[in-house]
Each structure stands twice: as structure tokens, then as C-alpha cells.
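Q: quick one, what's the 3D model for this:
(one chain, ligands or ions: 1)
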Amino acid sequence: MVLCALRQQLLKSSSGCGAWSRLLRRQSHDCVYSSIHGFNLQEVRAKLQAFPGGSIDLLKQDSGIAVLTINNPSRMNALSGSMMVDLEEKVSQLENWTDGKGLIVQGAAETFCSGSDLSAVRAISNPQDGLKMCMFMQNALTRLLRLPLISVALVEGRALGGGAELSTACDFRLMASNSVIQFVHKHMGLVPGWGGAARLVRIVGSQNALKLLSGALKVDPELGLQIGLTDGVLQVPQTEVGAETLLQQATNWLNDYTKGPAPVIQAVKKVVVSGRELPLSEALRTEKDVFGTVWGSPANLQALASKSKHK
Ligand SMILES: CCCC(=O)SCCNC(=O)CCNC(=O)[C@H](O)C(C)(C)COP(=O)(O)OP(=O)(O)OC[C@H]1O[C@@H](n2cnc3c(N)ncnc32)[C@H](O)[C@@H]1OP(=O)(O)O
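A: So this is what the prediction gives:
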């Protein structure tokens, strides 16, 4: 509530906090494509809904960590059209989650995501509709990456094509020891279109990105660690009782970065997003504006009163 009110207030005042307003606007609903690019959101949603199947399930937990599950196991969690719309809707819900701190994106039934549902791809193979789907997914995944939450893709099994792209729309990737991330687009006569190439270059650098895309290389956890695509490796639990599930392991990993009050964690993510996306002078101004939201805040005053030492 407080953040929403703050957002409204900041959007109204165009002077003094231009970068912050712009960032907030970009972080909200009209990010990469809008009507000025010939993009009609309602029309694209309606077209995508014609390809049903599966779901995107969101569980918001009291801990401030949410779990988003790609759920279409009979198609290896391929994203149907209705799942794309569902994903966008869940991103909207997360944008408005004032108590949120972290997000884990996982696939159901021991695999991450096999990309776009090929039956939908075949049916919408004309360039105009392909581009509309591409713009819709770029918007949704850009908003996912810009959420004021620390996000982790928990990759188990396979992340293929659009599934590999989805994994790059999180701040971090944790790979199960049996998992593979593969940008298979070249084998499909494609390049990434959901923003995966642009994000990949920023994550692993242009040399590695070129190798991964032109070779359609299989990235296992070892290669992932070597090139920086992976931030940690999780052990697939054996059958013994008491073994930590992959989700528990990912939650423990994320807990190190989400300890503390939600407004502070969200502010941390916002300054990193602005540093990542804005020119330096704008990023600095945004950082100042975000700083203004935490300076003198309850968390700040409490830390000062308790005379914290950082030994
Ligand atoms: C801009 C977006 C670009 C894209 O994402 S293009 C799509 C890229 N992805 C792909 O090409 C994945 C194709 N699938 C595969 O390679 C294999 O199915 C895969 C994932 C390695 C799994 O292999 P297996 O373990 O042998 O299992 P399987 O092949 O029998 O698959 C089980 C059932 O799942 C289905 N499936 C897998 N990936 C799918 C997809 N992307 N779209 C639609 N259906 C898909 C597959 O057809 C099979 O269904 P069924 O049992 O034959 O009815």
C-alpha cells in the first residue's frame, strides 16, 4: 500500500525525480512495447488465450519469498499461449506485493521449461503474430527481471529455447546437478526473441553468448559456473529420508540475500536495476531517490538505535 501510494505520488511530480518516475514507469505495465510500437495488449492476450494448456502457479509465502511454478508436465513445461498470459498476470501480482523480498521460479515435475509450446508455434508461424507473441513475452520477462524482488531460477532437468530465455529473466540461476540450459533456437531456425540474447550478453559477455547461441551448446552446471551463467549447483536429493529438496536448498541459498525488512531489500534491488539499465548520471539520481526512501525509515532508525556493529 505504502509503496503504491509512493509510486503514485512520485509519478505525479514530474520535477526533481525524473529518472525515478521513468524507472517506476518502466518497472510497471508499459515497459518495452506499447501502442506507439503498434502493440495492442488486449488483442495479443486474446490471441494467446486461443492456445490453452498448463498453468503458472504462484505461492506467496509469509517469509516474503514467493514460488512461481511453470506447470505443464505433459509437455515438459512448454509455455502454451494461455500460460504466457498467466505469467504476465502473476508478474502484475508480484509487482504489487509490498511484503515481498524474493522469488524462486521453478518447473513442475522435475524439469524447468522446454520453451514455447511447439503446437502453438506451428499455428502462429506467420511473422505478424510471431512478432506480437515476441513483444508480449519481452514485456512480461522484462517486468519479471525488474521486479523489486531478488529472483532465482531453480533449473532442474532441462531449460530449452524459451525456457533458457526465461532463466535469464531472473537475477540468479541455481542449477541442479542433473540439469542443462540450452539455447536450442539455432536448431529451430530461430534466434532468441523473448529478450534472452540481450540478457545473456549482459550475464556471460558477448564472446560466451555468441558461443552458446551459435553452437546451441549444452550448458551443464560445470560450464555454467565457468562462464557465470550459474550462481550455484544444487544436489539432486537421493531417496533417503530427510534429504533437502531442491526447493529447500534454493530457499536456503536465497535466504542469505533476503534477510531484513522488505522495503530495504526492495530498495537494494531497485538501485541495482537502475545501475544495470540507466546511463550513469540517471542511475546516480535514481540511487539518490531510492536512498531517500530508506534514510530515516523505521529499519534505519532501529539500526541506529541498536548501535549495530559489523564485526
Ligand atoms: C522464442 C521461443 C523459442 C522456443 O522456445 S522454440 C521451442 C524450443 N524447444 C524445443 O524445441 C523442445 C522440443 N522437445 C524436446 O527436445 C524433447 O521433448 C525434450 C524436452 C528434450 C524431452 O525429451 P524426452 O524426455 O524424450 O520427452 P519427449 O520428447 O517424449 O517429451 C514429452 C512430451 O512433451 C512434449 N514436448 C516437449 N517439449 C515440447 C514443446 N516445446 N512444445 C510442445 N510439446 C513439447 C513432447 O512432444 C512429448 O509429448 P507426447 O508424449 O509426444 O505427446
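Q: ok, Gly102 touching Ser151?
A: Yes: with contact defined as Cβ atoms under 8 Å, Gly102 reaches Ser151; the gap is 7.1 Å. Just so you know, the C-beta spots here come from the backbone N, C-alpha and C atoms, and that holds for glycine as well.
Q: mind listing the strands for the stretch 101-250 of the chain?
A: Under the criterion DSSP state E, counting those that start in this stretch, the stretch 101-250 of the chain carries strands at the ranges 102-107, 150-155, 158-160, 172-176, 180-182, 218-219, 232-234.
Q: rebuild those as CSV, extending it with mean pLDDT and mean neighbour count.
A: Below are those laid out as CSV (pLDDT from 0 to 100; neighbours: other Cβ atoms under 10 Å):
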stretch, mean pLDDT, mean neighbour count
strand 102-107, 98, 26
strand 150-155, 98, 27
strand 158-160, 98, 27
strand 172-176, 99, 25
strand 180-182, 99, 23
strand 218-219, 98, 20
strand 232-234, 98, 18
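Q: closest to the ligand out of these?
A: Closest of the strands of the stretch 101-250 of the chain to the ligand is strand 158-160, at 4.5 Å (criterion: Cβ to the nearest ligand atom).
Q: what's the closest one in contact with?
A: 76, 111-115, 153, 166-167, 179-182, 184 (Cβ atoms under 8 Å, 6 or more residues apart in numbering).
Q: so which of those residues also contact the ligand?
A: Among the contacts of strand 158-160, proximity to the ligand is found for 76, 114-115, 184 (Cβ under 6 Å from any ligand atom).
Q: closest to the ligand out of the residues you listed?
A: Nearest to the ligand among those, counting by Cβ to the nearest ligand atom, is Gly115 at 2.4 Å.
Q: residues contacting that closest one?
A: Residues counted as contacts of Gly115 (Cβ under 8 Å, 6+ apart) are 78-79, 160-165, 184.
Q: against Phe136, how distant is the nearest residue to it once chain neighbours are set aside?
A: In space, and not counting its chain neighbours, Gly115 is closest to Gly161: 2.9 Å by Cβ to Cβ, 6 or more residues apart in numbering. In this view, Gly161 and Phe136 are 16 Å apart by Cβ to Cβ, to the nearest Å.
Q: which one of these two has more residues nearby?
A: Neighbours per residue (other Cβ atoms under 10 Å) separate Gly161 from Phe136, with Gly161 holding more: 28 against 23.
Q: against Phe112, how distant is that one?
A: 11 Å.
Q: just Gln302 next, same as before
A: When distance is defined by Cβ to Cβ, Gln302 is 39 Å away from Phe112.
Q: these two - which one has more neighbours?
A: Phe112 (29 against 11).
Q: keeping just the C-alphas, turn the helix or strand where Gly292 lies into CSV.
A: Element membership for Gly292, per DSSP states H and E: helix 280-294. C-alpha atoms of helix 280-294 as CSV (Å, rounded to 0.1, in the frame of the first residue of the first chain):
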residue,chain,number,x,y,z
LEU,A,280,25.4,6.6,-15.1
SER,A,281,24.0,10.1,-14.3
GLU,A,282,20.4,8.9,-14.4
ALA,A,283,21.3,5.8,-12.3
LEU,A,284,23.0,8.1,-9.7
ARG,A,285,20.0,10.3,-9.5
THR,A,286,17.7,7.3,-9.1
GLU,A,287,20.0,5.9,-6.4
LYS,A,288,19.7,9.2,-4.6
ASP,A,289,15.9,9.0,-4.8
VAL,A,290,15.8,5.4,-3.6
PHE,A,291,18.2,6.3,-0.8
GLY,A,292,15.6,8.9,0.2
THR,A,293,13.0,6.2,0.7
VAL,A,294,15.2,4.3,3.2
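Q: what angle do the helix or strand just after it and helix 280-294 make?
A: Where DSSP H and E defines the elements, the next helix or strand beyond helix 280-294 is helix 298-305. Helix 298-305 and helix 280-294 meet at an angle of 70 degrees, taking axes from the mean of the first three to the mean of the last three Cα atoms, to 10 degrees as the criterion.
Q: what mean pLDDT does helix 298-305 have?
A: Mean pLDDT, computed over helix 298-305, is 95.
Q: roughly how far apart are Ala209 and Val191?
A: Counting by Cβ to Cβ, the gap from Ala209 to Val191 is 11 Å.
Q: identify the contacts common to these two.
A: With Cβ under 8 Å, 6+ apart, Ala209 and Val191 have common neighbours Ala197.
Q: who has more neighbours out of these two?
A: Ala209 (22 against 12).
Q: wait, that one sits on Ala198?
A: No: if you go by Cβ under 8 Å, Ala209 and Ala198 don't touch, sitting 9.3 Å apart.
Q: roughly how far apart are the closest residue to Pro261 other than its chain neighbours and Ser306?
A: Leaving aside its chain neighbours, Pro261 sits nearest to Ala299 (4.4 Å; criterion: Cβ to Cβ, 6+ apart). Between Ala299 and Ser306 the distance, using Cβ to Cβ, works out to 11 Å.
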